[in-house]
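**Student:** Turn this into a model:
(one chain, ligands or ions: 1)
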Amino acid sequence: MADSRRKVVALAGGVGAARFLRGLVRVVAPDDVTVVVNTGDDLVLHGLHISPDLDTITYTLGGGIDPVRGWGRAGDTLMMAGELAARYGQPDWFMLGDRDLATHVLRTHLLREGHPLSVVTAVIARAWEVACRLLPMTDDPVATRIQTADGRTLHFQEWWVREAAKPDVGRVWLDGVESAQPAPGVLDALDAADVVVLCPSNPVVSIATILAVPGIRAALDRVPVTGVSPIIGGSVVRGMADRLLPAVGVGVSAAAVAGYYAEFLDGWVIDREDAPLADEVAALGIRPAVTNTVMDSVVVTEALARTALEVVS
Ligand code: FO1
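**Tutor:** Residues are numbered from 1 along each chain as shown. So this is what the prediction gives:
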């Protein structure tokens, strides 16, 4: 059942966001949903432009995601990756399945023809019959870099995947963000929005990355903002927010993340396990809602999306 015709903009990162969006598009008519997606995780490997968060969301909403990993394509094979590594000694730390590679080949081809990432994203989303609108946060190159405590600077994926997030994080920074512009349609969607939803994504390398693109953070002051905590009971459901929140001086709790967003956040959904934190959230001037936030079914996820919208309606 679709919600009243409210225009919703969702800010989204990887797997948690993709799961949440499957519920959101059952509560709000998909053509009233615009998703602004983090591209700081993007990288070039084997000469191919890979956009992990855009692909995770596209594959999830399009029904092609690997359900166990939450990224990559269901039932994929590794023939190309295997040949690149075994015969040509190419790096294989970032697992690129054969079907997944088709997306990166197409994206790279269209980018090389001069199409911006936002156009390429629309072509891919249309091929997957994704009904809501997907927008990269920017068409410009922005790369999340991790400065490790031992002084090395790594691309986010090198830290997260190649080094399995083992090195302690000193600083996180966004290469190129100062000169990036919001992708076409992003600011218009935010200005037309009745509500903005922060998906349960990594606050540091997904949500904050999107907000760092000049112009986007300011747009949130003009619209009710709600969100879902990516932290339950002091730990992450998946991913690496627990490793990155300390690097920006934020505690690993549903209340601490609300504090991180407090300037612009109006409603915040936390798990039943974190019910004792509701008063702390309310003390920040943010309306708390307590519900089951473990998205282990689309029914739960739909209810969660409804709760997230109701807490600011
Ligand atoms: N994550 C891994 O832990 N190992 C991988 O080999 C890996 C490959 C990969 C390929 C395509 C893609 O879209 C995502 C991939 N991921 C992999 C996940 C990715 O590192 C993260 O999901 C996002 O960057 C975080 O949102």
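
**Student:** From Leu84, how far out is the residue nearest to Ala12 when sequence neighbours are not counted?
**Tutor:** Excluding the flanking residues, the one nearest Ala12 by Cβ to Cβ, 6 or more residues apart in numbering is Cys199, at 4.5 Å. From N, CA and C alone the C-beta is placed, and that goes for glycine too. Separation of Cys199 from Leu84 (Cβ to Cβ, to the nearest Å): 33 Å.

**Student:** Those two: who's more crowded?
**Tutor:** Higher neighbour count among Cys199 and Leu84: Cys199, with 28 against 18, using other Cβ atoms under 10 Å.

**Student:** Contact residues of the stretch 51-200 of the chain facing the ligand?
**Tutor:** 52-53, 55-56, 71-72, 94-96, 100, 157, 160-161 (Cβ under 6 Å from any ligand atom).

**Student:** repeat that for 8 Å
**Tutor:** 51-53, 55-56, 69-72, 93-97, 100, 156-157, 160-161, 164 (Cβ under 8 Å from any ligand atom).

**Student:** re the thing from before, the residue nearest to Ala12 is in contact with Val228, isn't it?
**Tutor:** Yes: using Cβ atoms under 8 Å, Cys199 is in contact with Val228, at 6.7 Å.

**Student:** Can you check which residues contact both of these two?
**Tutor:** Taking Cβ atoms under 8 Å, 6 or more residues apart in numbering as the criterion, Cys199 and Val228 both touch Phe20.

**Student:** Restrict whichever strand or helix holds Arg171 to CA atoms and write it as CSV.
**Tutor:** Counting by DSSP states H and E, the element that carries Arg171 is strand 169-175. Coordinates of each C-alpha in strand 169-175 appear next as CSV, following Å, rounded to 0.1, in the frame of the first residue of the first chain:
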residue,chain,number,x,y,z
VAL,A,169,42.3,4.0,11.0
GLY,A,170,43.9,7.3,11.7
ARG,A,171,42.0,9.6,9.4
VAL,A,172,39.3,9.3,6.7
TRP,A,173,39.3,11.9,3.9
LEU,A,174,37.5,12.4,0.6
ASP,A,175,39.8,13.0,-2.3
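
**Student:** Give me the helices and strands touching that strand, please.
**Tutor:** strand 143-148, helix 241-244 (3 or more Cβ pairs under 8 Å, 6 or more residues apart in numbering; DSSP states H and E).

**Student:** Now tabulate these in CSV and tack on mean neighbour count, distance to Asp274 and mean pLDDT.
**Tutor:** Shown next, in CSV, are the helices and strands packed on strand 169-175 (neighbours: other Cβ atoms under 10 Å; distance: least, Cβ to Cβ, whole Å; pLDDT from 0 to 100):
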stretch, mean neighbour count, distance to Asp274, mean pLDDT
strand 143-148, 21, 27, 97
helix 241-244, 22, 15, 92
